[in-house]
Every structure is written in structure tokens, then in C-alpha cells.
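A.B. asks: return atomic coordinates for the entry below.
(one chain, ligands or ions: 1)
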Amino acid sequence: MALAGTGVFSEIIDGEVYRYYADGEWRSSASGKSVAIVNPTTRQTQYRVQACTQEEVNKVMEAAKVAQKAWARTPLWKRAELLHKAAAILKEHKAPIAECLVKEIAKPAKDAVTEVVRSGDLVSYTAEEGVRILGEGKLLVSDSFPGNERNKYCLSSKIPLGVVLAIPPFNYPVNLAVSKIGPALIAGNALVLKPPTQVYDSFGIFNSFTECEGLISCVTGKGSEIGDFLTMHPGVNCISFTGGDTGIAISKKAGMVPLQMELGGKDACIVLEDADLDLVAANIVKGAFSYSGQRCTAVKVVLIMESVADAVVQKVNAKLAKLKVGPPEDNSDITPVVTESSANFIEGLVMDAKEKGATFCQEYRREGNLIWPLLLDHVRPDMRIAWEEPFGPVLPVIRINSAEEGIHHCNASNFGLQGCIFTRDINKAILISDAMETGTVQINYAPARGPDHFPFQGLKDSGIGSQGITNSINMMTKVKSTVINLPSPSYTMG
Ligand code: NAP
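C.D. replies: Residues are numbered from 1 along each chain as shown. Below you'll find the predicted structure:
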């Protein structure tokens, strides 16, 4: 029990079970039920979390609604001040929070610390950006529209939406939680968070926001059980979700509220003949295998010109041989994937590719949830791995004979998150970027989220709306206008 063990956030545990957070307090659910969380490395139950009841969710929503009204009246500079404090607390506690990430999701220790520090920076930046963009409004005068006199002044500014429901995924649980918490709070909203069940311990981060009593709550329970109740709750005024296909189902059921959906991807890496092949190999390995491929923006398919494919495959294989495979505590590069069912899913894709004749550049090896890095060459479009997101350390290579073929494969995907192109010809790169149906294209670099103030969005099944700090703040507000009607235009001041 990493955080509780440190004594830093000791009030968050009740015997064996983590409490949920509502109205400024850590509470035990009246359900008496809990959900077991299994450590991906040991495959033993690490701890348990409360299974909240629908009645408890209702109370949380009511409290959030009341708290939000007062918060919206709190001056912007004070909201920013609170976020700055929270950012500092987050960074101060980076070690125990990172320790939780190692145990809960087998995140390599150094990456876990990086995630917490980055999250603190994100919260600070959000405070600063919020003060800048929410402090601005607009003045319109009526005579700019045909047929009108100058007798109406329209003042508009941004106001909060109300209660934001935030649902982050397991893979960057701290960063993707604060990327919702920060914008929601600075904009004057209350926030109800449903954390990924696998990652609860690290939500001691709520103590970073303790001064916002009642304003943020954290309800726990399996998404499949309380998810619909939450996402269809009439008290919710906005949903910010990051995860997989679940988001598509949520968007079909949610009511008339703004949605921010950050979903899966099948990010393609297009490699042309004139590319710097060492740069390509380094980016493929980093892009596809960091955190064992469990990143929305991981390189998930390589589309490479036949003439340079052998050379790149050889360079990538040489690098893969050097990766350290093992437990996250040892700072291994490749660590166990998050659950046994994820490992089984990845294995299903690998076996399908094997049956259909893909070339295995390494021997397929798995121990429990730990899967050794694997490059599959000569993958063809009839193989599942050509299209599906493995979310694991397995990468398909499809050989192409033209850039158009690469673009065609990329655009035939139902996903459209990111993509990347490697070439020394910048004109060609820009033309290909324009043709790729993805939210972002990286030129000569692997797909990546961030820096966190850059716009970040997915097309097609990869999402709705755009994130990045500024876009998220804007998305969690609406425009309010007040029109000043002056006396009749015939009345003139001398
Ligand atoms: P997931 O299975 O879709 O779960 C995401 C969140 O949804 C979890 O908190 C989960 O809770 C919750 N949930 C499950 N069922 C729900 C329901 N019926 N209603 C409401 N919430 C529900 O995704 P994941 O496995 O955590 O994350 C991996 C996926 O996220 C990948 O597809 C990846 O590409 C995507 N991702 C996208 C981005 C992006 O920005 N585009 C960033 C990171 C990850 P439980 O844990 O309790 O089930």
C-alpha cells in the first residue's frame, strides 16, 4: 500500500480497502463491497477499492452542484492560486505517487516520476493560461451587422459549465486526471472523477486539492458497473473521457452535454527511401516500445518503403535486443502489461499473424503478463494486427512501394489519432501530412502527446474535440452574453 505506507496520505485507507473521496473527506462505501486490484507484475491482489453505490454517486453530484456555485464566484486569481499550490504539493510528493504507479500499472520507476513532475507542471501552466484566457471577454457593437444601428453593445465572457465528469485511463492516470481536473477547476467548474480502477492508490493526489472541499470528488467502482449511471447522470454537465472503445459507447448514451473524447489510435509511421534510417530506428523503438507499447500515441504500425525495409528492420532488431525486460522496480524498459486479459488479447493478435504468415523477427516469449518485445515483419492487411491496437510491445511492419500506399493504409483505419513521416524532403512531408486523416502528424519524430499545451486531438474513432491546456479550458466553459440596449438611434447626443 504505497501511499498509505508512507503515512503521507494515510487517511485514504480503511483496513484493506481504499476509501473514496467526497465532500472533502475520504469515505467508506455503505455497499460493503470492494473491487480487487491485481498487481500486474506479481499477479497478486495489491489492494482493494470501494464499490460505491448509486445513492453515494447521487450525493456526490448534489454536493458538487452546491460547491460549484460558490467556486464560480471565487475570483479567478484565487482559483489560480489554489492550482499553483496543488501543483507544488503534487511535485513534493512525486516519490510516493510514482511508487504507486510502479505497483499498480507496472510503470518503469523513472517514467513514473517523470509523469508526476509533468503533471505538476501541467497544473501550474493551466493556472497561468486560465488567468490569461478567462480574463478576456469580447465587445461587439450592433452596426457591424447589415441593417443595424449602433444602439446595442454585446458583452460576452466565458462562464463554467457546472459539474464535469472526468474519466481517465490506466496508462497515464495522474497526467490524464490532472489534464481534466486543472482546466475544469480554473474555469470554475466542480469535478467528479471516476478513476481507472486499476490505479486508485495514486489518487492520493486528491490531497493536493484539499482546499477545494466538495468541489472535487472521486467515486470508485468498476466502470462497467457504475459507468452508465455516472455518464448518464442528470447532474453531469460535461464529460471528459480518455480510454478505448468504451468512449464510443459513452458518446452514444450521453445526454446533451459537451463531450471531450480521447480514444484509441493505430498511429502509423511512414518511412520513405530518403529518410535518416538511424533516426527512424531510434524513433520506432522509442515510439513503439516505451511503457511496453501501452500509449495511445505509440507507433502501432510501420509502413516502410521496400527498398529500405531490410536495413531498418535490422537496426530496430539490434536495438530491441538491448532492451531490459523485467519488473518495473528494476527500471526495466519492457514491463508486464496491465492485466492478464490484455496479455491474452496481445497474444491473440500475435497468433493470428503467425497463422497468416508474418515473419517473426524475435521468438514470441511471454511469462505471465510480461511479453518480450516483438517485431513482426511482412505483415499484410488481412492480419488483425495490421488494424487493431495491441497496446503492448508488439509492432507490425508493412512493406509499401509508394507513399500513396502508406497514406491509403493510414486512412483506411477507423482510428485517426496521430501519425508520423520520416523523410528528408520537407515538401513531400507536408503534402503527406495534409493527406493523412489524423489529428496530428509528426515529421521526423515518433507520435507523442505534448508538450501539454499543444493541441491534441483524434479524428474518426480516435475522439471528439481537441485537448491541450487551452483547448480543454475553452471546452469546459460556455459563452455568456449580456446585451446593453441604448436608447433609440434617433436620439443623438447633440
Ligand atoms: P478503457 O478500458 O476504455 O477505460 C478507460 C476508463 O473508462 C477507465 O477509468 C474505466 O474504468 C472507465 N470505464 C470502463 N467502462 C466504463 C463505462 N461503461 N462507463 C464509464 N466509464 C467506464 O481504457 P484503458 O484500458 O484504461 O486505456 C487504454 C485505452 O485508452 C487505449 O485504447 C488508448 O489508446 C486509450 N488512450 C487514449 C488517449 C488519448 O488521449 N487519445 C490517451 C491515453 C489512452 P475501470 O478501470 O473501472 O474499468
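A.B. asks: Leu140 and Thr482, how far apart?
C.D. replies: Going from Leu140 to Thr482 by Cβ to Cβ, to the nearest Å gives 11 Å. Where you see a C-beta, it was placed from the backbone N, CA and C, and this is true even at glycine.
A.B. asks: intersection of neighbour lists for these two?
C.D. replies: 154, 156 (Cβ atoms under 8 Å, 6 or more residues apart in numbering).
A.B. asks: those two - which one has more neighbours?
C.D. replies: Higher neighbour count among Leu140 and Thr482: Leu140, with 13 against 10, using other Cβ atoms under 10 Å.
A.B. asks: now the more buried one. Its backbone dihedrals?
C.D. replies: Main-chain torsions, Leu140, degrees, to the nearest 10: phi -120, psi 140.
A.B. asks: separation between it and the ligand?
C.D. replies: In this view, Leu140 and the ligand are 35 Å apart by Cβ to the nearest ligand atom, to the nearest Å.
A.B. asks: correct me if wrong: that residue contacts Ser156.
C.D. replies: Yes: the criterion here is Cβ atoms under 8 Å, and Leu140 meets it with Ser156 at 7.4 Å.
A.B. asks: can I assume Val441 sits in a strand?
C.D. replies: Yes: according to DSSP: H, G, I helix; E, B strand; the rest coil, Val441 belongs to a strand.
A.B. asks: excluding its backbone neighbours, what's nearest it?
C.D. replies: Counting by Cβ to Cβ, 6 or more residues apart in numbering, Val441 lies nearest to Ser433, which is 4.0 Å off, once chain neighbours are set aside.
A.B. asks: tell me the mean pLDDT for the helix or strand hosting the one you found?
C.D. replies: Element membership of Ser433 [criterion: DSSP states H and E] is helix 426-435. Mean pLDDT, computed over helix 426-435, is 98.
A.B. asks: which other helices and strands contact that helix?
C.D. replies: helix 403-412, strand 418-422, strand 440-443 (3 or more Cβ pairs under 8 Å, 6 or more residues apart in numbering; DSSP states H and E).
A.B. asks: the ones you listed: which one's closest to Leu263?
C.D. replies: strand 418-422 (12.4 Å; Cβ to Cβ).
A.B. asks: how big is the angle separating that closest one from helix 403-412?
C.D. replies: 170 degrees (axes from the mean of the first three to the mean of the last three Cα atoms, to 10 degrees).
A.B. asks: is strand 418-422 anywhere near the ligand?
C.D. replies: No: applying Cβ under 6 Å from any ligand atom, one finds strand 418-422 separated from the ligand by no less than 8.9 Å.
A.B. asks: can you list the residues that contact that strand?
C.D. replies: By Cβ under 8 Å, 6+ apart, strand 418-422 touches 265, 267-272, 275-276, 279-280, 283, 287, 297, 299, 410, 429, 432-433, 436, 438-448, 458.
A.B. asks: point out where this protein drops to low pLDDT.
C.D. replies: For the chain, the stretches with pLDDT under 70 are 1-10, 201-202, 204-208, 210-212, 489-494.
A.B. asks: who in it is up against the ligand?
C.D. replies: Within the chain, the positions adjacent to the ligand are 167, 169-172, 194, 196-198, 222-224, 227-228, 231, 242-244, 246, 250, 262-265, 296, 389, 391, 417, 458, 463 by Cβ under 6 Å from any ligand atom.
A.B. asks: which of these are buried?
C.D. replies: 167, 169-172, 194, 196-198, 223, 227, 231, 242-243, 246, 250, 262-265, 296, 389, 391, 417, 458, 463 (16 or more other Cβ atoms under 10 Å).
A.B. asks: give me every residue that touches the nearest residue to Gly135 once chain neighbours are set aside.
C.D. replies: Distances taken as Cβ to Cβ, 6+ apart place Leu76 nearest to Gly135, at 6.2 Å, with adjacent residues excluded. Going by Cβ under 8 Å, 6+ apart, Leu76 touches 130-131, 134-135, 186.
A.B. asks: please enumerate the helices of the chain.
C.D. replies: Remark: helices assigned in the chain by DSSP state H are 2-6, 54-73, 76-92, 94-105, 109-134, 173-186, 223-231, 246-253, 277-289, 306-322, 340-355, 403-412, 426-435, 469-475.
A.B. asks: next, the angle from the fifth one to helix 173-186.
C.D. replies: By that I understand helix 109-134. Per the same axes, to 10 degrees, the angle that helix 109-134 makes with helix 173-186 is 10 degrees.
A.B. asks: tell me how far helix 109-134 is from the chain's mean position?
C.D. replies: How far helix 109-134 lies from its chain's middle: 14 Å, per Cα atoms, centre = their mean, to the nearest Å.
A.B. asks: ok, now stretch 23-43?
C.D. replies: 22 Å.
A.B. asks: restrict it to CA atoms and write it as CSV.
C.D. replies: What follows is stretch 23-43, C-alpha atoms only, in CSV (Å, rounded to 0.1, in the frame of the first residue of the first chain):
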residue,chain,number,x,y,z
ASP,A,23,-17.2,16.4,0.1
GLY,A,24,-13.6,16.9,1.2
GLU,A,25,-13.4,13.5,3.1
TRP,A,26,-12.2,10.0,2.4
ARG,A,27,-15.2,7.7,3.0
SER,A,28,-16.1,4.1,3.1
SER,A,29,-18.9,2.9,0.9
ALA,A,30,-22.1,1.7,2.5
SER,A,31,-22.1,-1.1,-0.1
GLY,A,32,-19.6,-3.1,2.0
LYS,A,33,-18.3,-4.3,-1.4
SER,A,34,-14.9,-3.7,-2.9
VAL,A,35,-13.0,-4.4,-6.1
ALA,A,36,-9.7,-6.3,-6.0
ILE,A,37,-6.8,-4.6,-7.8
VAL,A,38,-4.2,-7.0,-9.1
ASN,A,39,-0.5,-6.0,-9.3
PRO,A,40,0.4,-6.7,-13.0
THR,A,41,3.9,-8.0,-12.0
THR,A,42,3.1,-10.3,-9.1
ARG,A,43,-0.4,-11.0,-10.3
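A.B. asks: how about it: buried residues?
C.D. replies: Buried residues in stretch 23-43 (16+ other Cβ under 10 Å): 23-24, 26-27, 29, 34-35, 37-41.
A.B. asks: and which of the contacts of Leu76 is nearest to Thr470?
C.D. replies: When those are compared for distance to Thr470 (Cβ to Cβ), Gly130 wins out at 9.3 Å.
A.B. asks: that closest one: neighbour count?
C.D. replies: 26.
A.B. asks: and the closest residue to it other than its chain neighbours, how close does it get to the ligand?
C.D. replies: Nearest non-adjacent residue to Gly130, counting by Cβ to Cβ, 6+ apart: Ile186, 3.3 Å away. Distance of Ile186 to the ligand, given as Cβ to the nearest ligand atom: 20 Å.
A.B. asks: was I right about Lys300 contacting Pro390?
C.D. replies: Yes: when contacts are counted by Cβ under 8 Å, Lys300 is listed as touching Pro390 (7.1 Å).
A.B. asks: more neighbours: which of the two?
C.D. replies: The neighbour comparison of Lys300 against Pro390 (other Cβ under 10 Å) goes to Lys300, with 32 against 28.
A.B. asks: ok, for that one, nearest residue in space, not its chain neighbours?
C.D. replies: Closest to Lys300 by Cβ to Cβ, 6+ apart is Lys266, at 4.8 Å.
A.B. asks: cool, thanks, signing off.
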